[in-house]
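Peer 1: Quick one, what's the 3D model for this:
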Amino acid sequence: MAAEAALLLLFLVFAIGAPLVLYAFVRDERKRDATNVTDRSSAERAARKDLDGRSADGGEQGANRNDRP
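Peer 2: Presented below is the predicted three-dimensional model:
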């Protein structure tokens, strides 16, 4: 009987504690990300830089998608 009670108590501690720990991690990550905010033009510039001369759809750079048959 004591073993079942201990097991139940352990389960309840993990069932309540795990979501609270995850919440704390997410909240901490959100605080860190709040200091690393960029504006739209900087984000677009970084995205274009990541492409490194390749277009996102795999076609030629500067090609208009509507020009294709």
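
Peer 1: Can you list the residue ranges for helices in this structure?
Peer 2: Along the chain, counting by DSSP state H, helices occupy 2-34, 40-51.

Peer 1: Now tabulate those helices in TSV and tack on mean pLDDT and mean neighbour count.
Peer 2: (Glycine included, C-beta is placed from N, CA and C.) Formatted as TSV, the helices of the chain follow (pLDDT from 0 to 100; neighbours: other Cβ atoms under 10 Å):
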stretch	mean pLDDT	mean neighbour count
helix 2-34	93	9
helix 40-51	84	10
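
Peer 1: May I have the phi/psi pair for residue 39?
Peer 2: phi -90, psi 170 (degrees, to the nearest 10).

Peer 1: per-residue pLDDT, it?
Peer 2: For residue 39, the pLDDT comes out at 85.

Peer 1: I'd like to know how many residues surround it.
Peer 2: Neighbours of residue 39 under the rule other Cβ atoms under 10 Å: 8.

Peer 1: For it, list the residues it contacts.
Peer 2: Under the criterion of Cβ atoms under 8 Å, 6 or more residues apart in numbering, residue 39 has no contact partners.

Peer 1: do you know how far it is from residue 46?
Peer 2: 11 Å (Cβ to Cβ, to the nearest Å).

Peer 1: OK, contacts around residue 28?
Peer 2: With contacts defined as Cβ under 8 Å, 6+ apart, residue 28 has no neighbours.

Peer 1: quick one: it and residue 46, what's the gap?
Peer 2: For residue 28 relative to residue 46 (Cβ to Cβ), the value is 24 Å.
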